[in-house]
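[1] Build me a structure from this.
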Amino acid sequence: MSETLRVGVIGCGAMGQAHLRVWQNVTGARVVAVCDTDAQRAQETAALLGATPFTTPQAMAESGLIDAVDVCTPSGLHAEQGLVCAAQGKHILIEKPIDLNIQRVDRLIAECEARGLVLACMLQQRTFPIGLQVKEAIEAGKLGRLLSCSAAIKWWRSPEYYSSSAWRGTWAMDGGVLANQGIHTLDMLCWLVGGVAEVEYAHLESANHAIEAEDNALAVLRFENGARGVMEATTCAYPDLCTRIEIVGTRGSVAFDSANVVTFGYDGADRRDTLKSEVQDAGGGRSNPMAISLNAHTAIAQDFVGAIREQREPIVSGRMARVSLDALTKIYRKAYPNIVLGRE
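    Predicted coordinates for the structure are as follows:
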């Protein structure tokens, strides 16, 4: 491997362009190649970076130019393209969710583990310092036995957002509000509370947009530790509302508004002053998907480089990202038993 990690970015659309800005602020890595099925877009993006353009992940992975890839294509392509690159010995960072099809993700995880490759996912909210402190408190038992929790992401997406690309809102390539906008919140809930054992109830509908998948969702969850929870998600909220997570234990409780803790206490006392963190920029995105801060994305990318150099697990490994995908899969299958997620 070269002294500077040579990165190839797959997908030069909106999220790919955001990731390209992220890599400009990562130490020890440089984007040397880009890939997009739109040859003109690949060439134009490459010209701006002084990089080499490709139109297929296979060609880029086989070129000998890169050490790692950053996959920024629609969700239904993530694991498929990751497998192509893993076969060529490339480390892999994947935009959220890790994929829509959990069987394909399992194959990708197994392939990367067998080859000793780092597989990471851009679930960047796990880097928020205040969230890490709350997780430590939960694991230390300060909230007691977890009883219940809830998460809500009530955002707005215009009809034009969904019609701007044919893959948006489809079961094969995108999923609905849970898989796209809601996956960060669902992942945070699973990270803090634990894996989902069973989905007891799920109601999903396309209520206000002409899309295949859901724009309005409610699910009742039973977690592996016995706690019960509710997950709500919508892109029909106009004006949009904040994202909120609440967790209740036998000794205390915590509530997040976006990335910031507004309630945290146990044993009858307010403990917010024990959390050492400035107010976090959660990144927006409530009505404009690109109105996001990239600071936490940069932290994930920098950690990805470190994990490769230090031969360790990244902050969000493929196996860690699988936990929320498993919850997502169970919600979808409860609502639609015969649904096929991702590309077959």
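[2] what about the helices in this protein?
    In the chain, the helices defined using DSSP state H lie at 14-23, 39-49, 57-62, 78-86, 102-115, 129-139, 159-163, 183-193, 295-310, 318-335.
[3] Which among those helices is found nearest to residue 260?
    Each of the helices of the chain has some distance to residue 260 by CB to CB; the shortest is helix 129-139, at 6.9 Å. In short, each C-beta sits where N, CA and C put it, glycine included.
[4] ok, and for the closest one, which residues are buried?
    For helix 129-139, a neighbour-count test (16 or more other CB atoms under 10 Å) marks 130-131, 133-134, 137-138 as buried.
[5] now stretch 212-226
    Applying 16+ other CB under 10 Å to stretch 212-226 flags 213-221, 223 as buried.
[6] can you pull the pLDDT of the nearest residue to residue 100 once chain neighbours are set aside?
    Nearest residue to residue 100, sequence neighbours excluded (CB to CB, 6 or more residues apart in numbering): residue 342, at 3.6 Å. pLDDT, residue 342: 87.
[7] Repeat that for residue 320.
    98.
[8] same check, this time on residue 282
    51.
[9] do the same with the one 10 residues further on
    Residue 292 carries a pLDDT score of 69 in this model.
[10] Could you dump the buried residues of stretch 212-226 into a markdown table with pLDDT and distance to residue 199 added?
    Below are these laid out as a markdown table (pLDDT from 0 to 100; distance: CB to CB, whole Å):
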| residue | pLDDT | distance to residue 199 |
| --- | --- | --- |
| 213 | 97 | 16 |
| 214 | 98 | 14 |
| 215 | 98 | 19 |
| 216 | 98 | 16 |
| 217 | 98 | 11 |
| 218 | 98 | 11 |
| 219 | 98 | 6 |
| 220 | 98 | 7 |
| 221 | 98 | 6 |
| 223 | 98 | 11 |
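[11] and which of those residues is nearest to residue 327?
    Nearest to residue 327, judged by CB to CB, of the buried residues of stretch 212-226 is residue 221 at 7.1 Å.
[12] Please report the distance of the closest one from residue 45.
    Remark: distance between residue 221 and residue 45 (CB to CB, to the nearest Å) = 40 Å.
[13] show me where pLDDT drops low in the chain?
    Within the chain, the stretches with pLDDT under 70 are 1-2, 277-292, 344.
[14] coming back round to it: looking at the buried residues of helix 129-139, which is nearest residue 96?
    Looking across the buried residues of helix 129-139 and measuring by CB to CB, the closest to residue 96 is residue 131, at 15.7 Å.
[15] Correct me if wrong: that closest one contacts residue 260.
    No - counting by CB atoms under 8 Å, residue 131 sits too far from residue 260 to count as a contact (9.7 Å).
[16] shouldn't residue 208 be in contact with residue 216?
    Yes - using CB under 8 Å, residue 208 is in contact with residue 216, at 7.2 Å.
[17] shared neighbours of the two, anything?
    Common contacts of residue 208 and residue 216, defined by CB atoms under 8 Å, 6 or more residues apart in numbering, comprise 235-236.
[18] wait, what's in contact with the residue most central in space within the chain?
    The chain has residue 96 as the residue nearest its centroid, 3.0 Å off, counting by CA atoms, centre = their mean. Residues in contact with residue 96, defined by CB under 8 Å, 6+ apart, are 75, 121-123, 183-184, 187, 321.
[19] Tally up the residues packed near residue 268, please.
    7 (other CB atoms under 10 Å).
[20] measure it to residue 182 for me?
    Distance from residue 268 to residue 182, by CB to CB: 34 Å.
[21] go on, residue 328?
    Taken as CB to CB, the span from residue 328 to residue 182 is 8 Å.
[22] Identify the contacts common to these two.
    With the criterion set as CB under 8 Å, 6+ apart, the contacts of residue 328 and residue 182 do not overlap.
[23] who's more crowded, those two?
    residue 182 (30 against 26).
[24] In contact with the more buried one, which residues?
    153, 217, 231, 233.
[25] hmm, back to that, these two touch, right, the residue nearest to residue 100 and residue 101?
    Yes - in this structure residue 342 lies within contact range of residue 101 using CB under 8 Å: 3.1 Å.
[26] got any residues that touch both of the two?
    76, 79.
[27] what's the nearest residue to residue 241 if we skip its chain neighbours?
    Leaving aside its sequence neighbours, residue 241 is closest to residue 154 (4.1 Å, by CB to CB, 6+ apart).
[28] Run through the residues that contact residue 201.
    Counted by CB under 8 Å, 6+ apart, residue 201 has contacts 218-220, 334.
[29] and of those, the nearest to residue 84?
    residue 334 (32.0 Å).
[30] what's the burial count for the closest one?
    When neighbours are counted by other CB under 10 Å, residue 334 comes out with 18.
[31] correct me, but it touches residue 217?
    No - if you go by CB under 8 Å, residue 334 and residue 217 don't touch, sitting 10.9 Å apart.
[32] Now the common contact residues for those two.
    With CB under 8 Å, 6+ apart, residue 334 and residue 217 have common neighbours residue 202.
[33] on that earlier part again, out of the contacts of residue 96, which is most surrounded?
    residue 121 leads the contacts of residue 96 on contacts (other CB under 10 Å) with 32 neighbours.
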